[in-house]
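Trainee: one predicted model, sequence on top.
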Protein chains: 2
Amino acid sequence: MPKKVDHTERRRLIADALMRVAAEQGLEAVSLRHVAAAADVSAGMVQHYFRTKDEMMTFALSVVKERSQLRAEAAIARLGDDPHPKDLLRTLLTALLPLDEASREDGRVALAFLAYTAVRPQATANLHTETQQMVGFIAGLLPAAPENAAAPQNAPPNAPETAPQNAPETAPQNAPGNAADAAALLALMEGLGLYVLGGQYTPEQATAALDAHLDRLFGAGEKR
Amino acid sequence: MPKKVDHTERRRLIADALMRVAAEQGLEAVSLRHVAAAADVSAGMVQHYFRTKDEMMTFALSVVKERSQLRAEAAIARLGDDPHPKDLLRTLLTALLPLDEASREDGRVALAFLAYTAVRPQATANLHTETQQMVGFIAGLLPAAPENAAAPQNAPPNAPETAPQNAPETAPQNAPGNAADAAALLALMEGLGLYVLGGQYTPEQATAALDAHLDRLFGAGEKR
DNA sequence: CTGATTGCAATACGAGTGCATTGCAAAAGT
DNA sequence: ACTTTTGCAATGCACTCGTATTGCAATCAG
């Protein structure tokens, strides 16, 4: 074996450069040569580590997802053991919001990828299950709804019953929290992130909106 | 004046073709020649009506916004006079959700443009004011909050005080409805739309989530 | 030392891009 | 009838793109 080089490290280096380019100039400015220039390496090297551009894009996409997951896990770990579900939810969702400059960059890249993969229906299959797991996890944290009028639309019948593997913590099993509420909460976070990225909402407005909703879900009183 | 041709009609024809291409293959597949082929006209004609590609993109973007606005206005007009605020809100937000195939197409294009303009900070200035007007309009429809614990974050100081011109109806002036709740509601709609577009939520799940939230805001009882 | 394997650079190629230029036919003004 | 203006098509140009190919230096196995 000649010349030991850490392959995945090089790939990460290149993917980082890709994300820098994508965050600043958009995904359509991502080309082999641009990325190579941003990474300060030769274009040939990029080709050496990614045989095709699509392979590079796919890898970068996985890095983006990995990063946001790490962010969420770190924030939750900082909470200590057995936190109040409301605090846990707030921490989780806040960690996924593009509030500081670093996560704003990642958010821009993620948004670009969202539009990018919107046309390529492949490789979005796992996205579905991830979202469903997330909804399930959130639903488990919501307070049990007082039995209500209309029959609450339950989880869709095609939802996989597998336990969440990537969910950031040990989730209380499928608690009776309303699935529609959980889906709404997740979508709310996504929409807030979108508006923060677009600059329409300030981070303060977004967190205020999130808190207002959480207060409504949990009852305004119990803070910690 | 030779050869009378309706300029804006031609531009709309071309913009329609652009949106077809963008919806099916993404914005990066939008080129002069592709659009020309989709519109079944010569490439020279596209250049005749749009001197630059950016001009074409900008026009298409305006068409997208115009379409969604028309959709919302039509849905609201269908409600008749003096509807219940909850029904009005539900109708407005549902109309903006990509529930049928036509609006799904538009949604895909809008998402592509969102990522496209995320890098070009120009021409997003009006987007800010539009969103603020929308938030104000929604806030006016929300039931007055019982005076609460924490001082509710009011509208940001830099929010323009101009009356909404594009708002789909005559809005009750800045009613005391919580601005954070209105912002959350708008963001919720946006996030739901995103997930519906991505296929993670079915239209039924999205409307259920929206309804659950509206019920919570208005109190589950008063339906109509 | 020899030979093989690996890391990387450089170049070439065909395709596609946005845009400028040119040409020309049809209609309207005079 | 003649000129002018407009609508549109065609072509060319300089460039960037992704990928394939080639070459070579460094490194290790034998």
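Mentor: Nice, I can see it. Residues are numbered from 1 along each chain as shown, chains lettered A, B, ... in the order given.
Trainee: list the contacts for the residue nearest the centre of chain A?
Mentor: Nearest to the geometric centre of chain A sits residue A:68, at 5.1 Å (Cα atoms, centre = their mean). Residues in contact with residue A:68 (Cβ atoms under 8 Å, 6 or more residues apart in numbering or on different chains) are A:96, A:103, A:106, A:110. Bear in mind the C-beta positions are built from the backbone N, C-alpha and C, glycine included.
Trainee: enumerate the residues of chain A near DNA strand D.
Mentor: A:1-4, A:29-34, A:43-44, A:47, A:51-54 (Cβ under 7 Å from any atom of the strand).
Trainee: again, only this time at 10 Å
Mentor: Residues of chain A lying close to DNA strand D by Cβ under 10 Å from any atom of the strand are A:1-5, A:21, A:25, A:28-37, A:42-44, A:46-48, A:50-57.
Trainee: buried ones among those?
Mentor: Burial by neighbour count, 16 or more other Cβ atoms under 10 Å in any protein chain shown: within the residues of chain A next to DNA strand D this picks out A:21, A:28, A:30, A:32, A:34-36, A:46, A:50, A:56-57.
Trainee: for those residues, which one is nearest DNA strand D?
Mentor: Taking Cβ to the nearest atom of the strand as the measure, DNA strand D lies nearest residue A:32 of those, at 3.8 Å.
Trainee: quick one: the longest helix seen in chain A to chain centroid distance?
Mentor: The single longest helix within chain A, with elements called by DSSP state H, is helix A:53-77. Here the centre of helix A:53-77 is set off from its chain's centre by 8 Å, with Cα atoms, centre = their mean, to the nearest Å.
Trainee: okay, buried residues for it please.
Mentor: A:56-57, A:59-61, A:63-65, A:67-69, A:71-73, A:75-76.
Trainee: cool, stretch A:5-14 as well?
Mentor: Per 16+ other Cβ under 10 Å, stretch A:5-14 contains these buried residues: A:10-11, A:13-14.
Trainee: quick check, nearest of these to chain B?
Mentor: Minimum distance to chain B across the buried residues of stretch A:5-14 is 20.4 Å, recorded for residue A:14 (Cβ to the nearest Cβ).
Trainee: quick one: average pLDDT of the helix or strand harbouring that closest one?
Mentor: Assigned by DSSP states H and E, residue A:14 falls within helix A:7-25. Helix A:7-25 shows a mean pLDDT of 96.
Trainee: please save the CA atoms from it in CSV.
Mentor: Once non-C-alpha atoms are left out, helix A:7-25 reads as follows in CSV (Å, rounded to 0.1, in the frame of the first residue of the first chain):
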residue,chain,number,x,y,z
HIS,A,7,-10.0,8.7,2.1
THR,A,8,-13.0,9.8,4.0
GLU,A,9,-11.1,12.7,5.4
ARG,A,10,-10.3,14.0,1.9
ARG,A,11,-13.9,13.4,1.0
ARG,A,12,-15.0,15.5,3.9
LEU,A,13,-12.6,18.2,3.0
ILE,A,14,-14.0,18.4,-0.5
ALA,A,15,-17.6,18.2,0.7
ASP,A,16,-16.9,21.1,3.1
ALA,A,17,-15.7,23.1,0.2
LEU,A,18,-18.8,22.1,-1.8
MET,A,19,-21.0,23.3,1.0
ARG,A,20,-19.2,26.6,1.2
VAL,A,21,-19.8,27.2,-2.5
ALA,A,22,-23.4,26.1,-2.3
ALA,A,23,-24.1,28.3,0.7
GLU,A,24,-22.6,31.4,-0.9
GLN,A,25,-23.6,31.0,-4.6
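Trainee: just the residues contacting it, thanks.
Mentor: Outside of helix A:7-25, the residues within contact range by Cβ under 8 Å, 6+ apart are A:29-30, A:34-36, A:38-41, A:45-46, A:49-50, A:56-57, A:59-60, A:63-64, A:105-106, A:108-109, A:112, B:119.
Trainee: could you do stretch A:197-213 as well?
Mentor: So stretch A:197-213 is contacted by A:90, A:93-94, A:97-99, A:104, A:107-108, A:111, A:185, A:188-189, A:192-193, A:195-196, B:114, B:118, B:121, B:124, B:127-128, B:131-132, B:152-153, B:156, B:178, B:180-181, B:183-184, B:187, B:213 (Cβ under 8 Å, 6+ apart).
Trainee: so which residues on chain A come close to DNA strand C?
Mentor: Contact residues, chain A versus DNA strand C (Cβ under 10 Å from any atom of the strand): A:1-7, A:9-10, A:13, A:32-33, A:36, A:39-49.
Trainee: ok, then the element right after the helix or strand hosting residue A:182?
Mentor: Residue A:182 belongs to helix A:179-198 when assigned by DSSP H and E. Remark: after helix A:179-198, the chain's next helix or strand is helix A:203-218, criterion DSSP H and E.
Trainee: okay, and which of the residues of chain A next to DNA strand D map to helices?
Mentor: Among the residues of chain A next to DNA strand D, DSSP H puts A:21, A:25, A:32-37, A:43-44, A:46-48, A:53-57 in helices.
Trainee: can you give me the buried ones in stretch A:193-201?
Mentor: For stretch A:193-201, burial by neighbour count (16+ other Cβ under 10 Å) applies to A:193-198, A:200-201.
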